[in-house]
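In: Here is the input, now give the coordinates:
(chains A, B, C and D)
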2 protein chains.
Amino acid sequence: MPYSYEYPHPAITTDIAVFSLHQQQLQLLLVRRGQSPHKGKWALPGGFLEIDEDLDSCAKRELKEETGAADLYIEQLFTFGHPERDPRERIISVTYFALAPADKLTIRAGSDAAEAEWFPFDTLPELAFDHADIIQLAKERLAAKTLYSTIAFQLMPETFTLSELQSVYEILRGEALDKRNFRKWILSLNQLEETGGKRRNGNHRPAKIYRAISPGRVDIIR
Amino acid sequence: MPYSYEYPHPAITTDIAVFSLHQQQLQLLLVRRGQSPHKGKWALPGGFLEIDEDLDSCAKRELKEETGAADLYIEQLFTFGHPERDPRERIISVTYFALAPADKLTIRAGSDAAEAEWFPFDTLPELAFDHADIIQLAKERLAAKTLYSTIAFQLMPETFTLSELQSVYEILRGEALDKRNFRKWILSLNQLEETGGKRRNGNHRPAKIYRAISPGRVDIIR
DNA sequence: CTTACTAAGTGTTAAGTGTACACTATAGGC
DNA sequence: GCCTATAGTGTACACTTAACACTTAGTAAG
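Out: Numbering: from 1, shown residues only, chains lettered A, B, ... in the order given. Coordinates of the predicted model:
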């Protein structure tokens, strides 16, 4: 026990709620806990902060170690610190939410976590700790942000069609959108450009392919 | 040094940016540091988390201890954790922002802080640690929230006139508002009721007095 | 008591934005 | 060449937002 303090110190973790879209459903990335407490239960990827490491770096590192996911859009969500939230010791969790585009879905389980897997958001397994609360909050933040920012682009692969983009918005908002109004609106943002290519996707007219003009950015709109 | 851990643990603090309106200006509550580091500099009220204390409770307790302010609207803002942000040891700060109505401006310095004082937001003194960043973020959050919530009511005393309320919105948004449009809009929210009283405030027609229907609540509007 | 002064209070109109809605175009498969 | 499926396009109406000026009710001074 080499680290001593005059007053008791909590431990700090980061936990990350990673969303993606797959098979027309919102998906969440979970890892199965290999150790007590809650051994065998599913949980958000995350882990303890190293003492000289920035919070954001910790979130990205843990995500990569446990699931292989890297280079995702990520932002701080909220800090959970109820005294009883972890049975081991006092642990404060700085939580994040992240978005994975459809072409970065491939994950691999890391050394810390036995397994990593995508779950449809509507049918999540039982979750460890207070992770269900974290996920709930992350979903609300994501839904709210689709209304006033270009955050949904972060769920898209590098190129996509307007129909594919509309489908993403429909899933996130949970309602059907008018095709003409959607196209007028999304193009009026001046955030998309045509690649010139077309996508043949069945026995029907092919769709123009678009890409985001600034793929890394999330702009506030309206 | 009675508290030992196998791995190093950061310390946790809460820091609170309290805003108010006074003399037609946005004001921020600061305390002068009585101890090193940054002794003598002004800083946000705040302090260390106790080991069995909730984060929100810690913020409220520190605020009361250092400034006497209590029963304010308060919400979590962001968690700052850059490894070098405090020269003593690794300290993670869970920050809050709070709003004080004009009739709760009276403060008193507590035991931990030598002095507590309101400063006009435009002329803040030099600040300790990364508190300038925290304040900047808090101001942005406050400005954004006036656009889509009833948060501005938290800056009002129990009763007020529509002109006073309009003045608050004008200060927060930094622009003049049309009187008729403002009144139409604010009354259409159905969040205000007349008390029946009138306020004589000079040599002119007295104003009707209003109060918030649910003073504690902040509702999302639009 | 009359007048001057000051902030409170009140409606209408034009411009702009959002919403509803149906048909044509272009490819593949048979 | 005919069928089928998704891509792609424009207009009319309703509603919301923004601009704008005068009357009212009190105080104070002469």
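In: okay, CA-based contacts and neighbour counts for the rest of this
Out: Fine.
In: Pull the residues that contact the longest helix seen in chain A.
Out: Assignment by DSSP state H gives helix A:131-148 as the longest helix of chain A. Helix A:131-148 is contacted from outside by A:17, A:43-44, A:77, A:95-97, A:151-152, A:169, A:172-173, A:220-222, using C-alpha atoms under 8 Å, 6 or more residues apart in numbering or on different chains.
In: any idea of the mean pLDDT for that helix?
Out: For helix A:131-148, the mean per-residue pLDDT is 95.
In: Which pair in the contacts of helix A:131-148 has the greatest spatial separation?
Out: Pairwise distances across the contacts of helix A:131-148 peak at 35.7 Å for A:A43 and A:R222 (criterion: C-alpha to C-alpha).
In: of those two, who's got more company?
Out: Neighbours were counted for A:A43 and for A:R222 using other C-alpha atoms under 10 Å in any protein chain shown; A:A43 has more, 26 against 7.
In: who's in contact with that one?
Out: Applying C-alpha under 8 Å, 6+ apart to A:A43 gives the contacts A:30-33, A:127-129, A:131.
In: Spell out which residues of chain A are next to chain B.
Out: Contact residues, chain A versus chain B (C-alpha under 8 Å from any C-alpha of the partner chain): A:1-12, A:50-55, A:76, A:78-79, A:81-83, A:90, A:94.
In: secondary structure element for the closest residue to A:G197 other than its chain neighbours?
Out: The shortest distance from A:G197 to any non-neighbouring residue, by C-alpha to C-alpha, 6 or more residues apart in numbering or on different chains, is to A:I209 (5.5 Å). Assigned by DSSP states H and E, A:I209 belongs to strand A:207-212.
In: Adjacent strands (with direction) for that strand?
Out: Strand A:207-212 has the following strand partners under DSSP bridges: strand A:159-160 (antiparallel), strand A:192-199 (antiparallel).
In: one step back: so the residue nearest to A:G197 makes contact with A:T161?
Out: Yes: using C-alpha atoms under 8 Å, A:I209 makes contact with A:T161 at a distance of 4.9 Å.
In: Common neighbours of those two, please.
Out: Taking C-alpha under 8 Å, 6+ apart as the criterion, A:I209 and A:T161 both touch A:R199.
In: buried ones in stretch A:102-111?
Out: Neighbour-count burial for stretch A:102-111, counted by 16 or more other C-alpha atoms under 10 Å in any protein chain shown, picks out A:102, A:104-105, A:107-110.
In: meant to ask about stretch A:124-140, not that
Out: Buried residues in stretch A:124-140, counted by 16+ other C-alpha under 10 Å: A:127-129, A:131-132, A:134-135, A:137-139.
In: and if you look at stretch A:48-62?
Out: Within stretch A:48-62, the residues that count as buried by 16+ other C-alpha under 10 Å are A:48-50, A:53-56, A:58-62.
In: can you tell me which of those residues are in strands?
Out: Here DSSP state E is the test, and these give A:F48 as lying in strands.
In: what ranges do the helices span in chain A?
Out: Shown for chain A, the helices assigned by DSSP H span residues A:55-67, A:131-148, A:162-173, A:179-188.
In: Compare those and give me the one nearest B:N201.
Out: helix A:131-148 (41.3 Å).
In: Next, the angle from that closest one to helix A:162-173.
Out: Interaxial angle of helix A:131-148 relative to helix A:162-173 (axes from the mean of the first three to the mean of the last three C-alpha atoms, to 10 degrees): 130 degrees.
In: Can you check the pLDDT for A:V31?
Out: 95.
In: Where does pLDDT dip in chain A?
Out: Applying pLDDT under 70 to chain A flags residues A:1, A:110-114.
In: Near DNA strand C, which residues of it are found?
Out: Residues of chain A found near DNA strand C (C-alpha under 7 Å from any atom of the strand) are A:178-181, A:200, A:202-206.
In: JSON lines for these, including distance to B:T195 and neighbour count?
Out: Listed next are these as JSON lines, based on distance: C-alpha to C-alpha, whole Å; neighbours: other C-alpha atoms under 10 Å in any protein chain shown:
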{"residue": "A:D178", "distance to B:T195": "46", "neighbour count": "10"}
{"residue": "A:K179", "distance to B:T195": "49", "neighbour count": "12"}
{"residue": "A:R180", "distance to B:T195": "49", "neighbour count": "8"}
{"residue": "A:N181", "distance to B:T195": "45", "neighbour count": "9"}
{"residue": "A:R200", "distance to B:T195": "67", "neighbour count": "11"}
{"residue": "A:G202", "distance to B:T195": "67", "neighbour count": "7"}
{"residue": "A:N203", "distance to B:T195": "68", "neighbour count": "6"}
{"residue": "A:H204", "distance to B:T195": "66", "neighbour count": "7"}
{"residue": "A:R205", "distance to B:T195": "65", "neighbour count": "10"}
{"residue": "A:P206", "distance to B:T195": "64", "neighbour count": "13"}
